[in-house]
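[1] could you look at this predicted model? Sequence included:
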Amino acid sequence: MATTVISVEDYLRTTSEPDHEFVHGVLKERAEPEWDHAAWQSALVGWFRDHQHEWGIFALPELRIQVETGHYRIPDVAIVSRQAPREAYLTHAPLAVFEILSPGDPMPDLFEKLAAYEAMGIQAIWVIDPTKPVHRRYVQGKLTEASVFELPGTDFSVPISEIANLVE
């Protein structure tokens, strides 16, 4: 994937499809999503959106997150508290993020992104591989198979299969 060096101010003024991430002065292209990726993204946003008032959340696709100074990432879906400040891009940790794999996603780049989310304090980091029925949670540098989506510190949980049913 191509990279371009620009200032953070220029990055925050740019628009592109798909949007690029910004890592310490370098624009990083994101893989082009395909049908399965888009179907999962739609299912996640739709499922959480159906419950947003009940659970006090927003489900937001492709929202820029400043994971640290000069470092912006774009998760496929972010779950944000309705009490969180509304910002053009997030500067506080969302409740959860989902990354949906695309065929062009290099694994080292994915792990770098997941580590940045964890360092920011995001406690529920999920990786969905749309080609497999296995879903993973990222914790302390490792991807672990998981079948139930939980928000740490709450009693909230839902089987990922409920959301996966929307994809089919």
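    Yep, that arrived.
[2] check which helix or strand covers residue 67.
    Per DSSP states H and E: residue 67 is located in strand 65-68.
[3] sorry, that was for residue 127
    strand 124-128.
[4] quick one: name whatever helix or strand follows that strand.
    Sequence-wise, the next helix or strand downstream of strand 124-128 (DSSP H and E) is strand 135-139.
[5] may I ask which helix or strand of this structure has the lowest mean pLDDT?
    Within the chain, no helix or strand scores below strand 3-5, which has a mean of 63 by mean pLDDT, DSSP states H and E.
[6] give me the distance between the residue most central in space within the chain and residue 151.
    Nearest to the mean C-alpha position of the chain, by Cα atoms, centre = their mean, lies residue 75 at 2.5 Å. From residue 75 across to residue 151, the span is 15 Å (Cβ to Cβ, to the nearest Å). C-beta here means a position set from N, CA and C on the backbone, and glycine is covered the same way.
[7] one step back: which ones are touching the residue nearest to the centre of the chain?
    Shown in contact with residue 75 (Cβ atoms under 8 Å, 6 or more residues apart in numbering): 62, 63, 65, 94, 97, 98, 99, 117.
[8] now the strand holding residue 127 against strand 135-139, angle please.
    Counting by axes from the mean of the first three to the mean of the last three Cα atoms, to 10 degrees, strand 124-128 lies at 140 degrees to strand 135-139.
[9] tell me which of the contacts of residue 75 is nearest to residue 82?
    residue 94 (11.8 Å; Cβ to Cβ).
[10] for the closest one, grab phi and psi.
    Here is the backbone geometry of residue 94 (degrees, to the nearest 10): phi -70, psi 170.
[11] can I assume it is in contact with residue 125?
    No. If you go by Cβ atoms under 8 Å, residue 94 and residue 125 don't touch, sitting 10.1 Å apart.
[12] can you map out the helices along this protein?
    For the chain, the helices defined by DSSP state H cover 8-13, 35-50, 52-55, 107-120, 160-164.
[13] of all those helices, which one is nearest residue 28?
    Per Cβ to Cβ, nearest to residue 28 of the helices of the chain: helix 107-120, 7.5 Å.
[14] so how far is that closest one from its chain's centroid?
    Helix 107-120 has its C-alpha centroid displaced from the chain centroid by 11 Å (Cα atoms, centre = their mean, to the nearest Å).
[15] so what's residue 142 scoring on pLDDT?
    Residue 142 carries a pLDDT value of 95.
[16] number of nearby residues for it?
    Neighbour count of residue 142, defined by other Cβ atoms under 10 Å: 10.
[17] what's near enough to touch it?
    Per Cβ under 8 Å, 6+ apart, neighbours of residue 142: none.
[18] so what's the residue nearest to residue 125 when sequence neighbours are not counted scoring on pLDDT?
    The spatial neighbour of residue 125 that comes closest, neighbours along the chain excluded (Cβ to Cβ, 6 or more residues apart in numbering), is residue 138 at 4.1 Å. For residue 138, the model assigns a pLDDT of 97.
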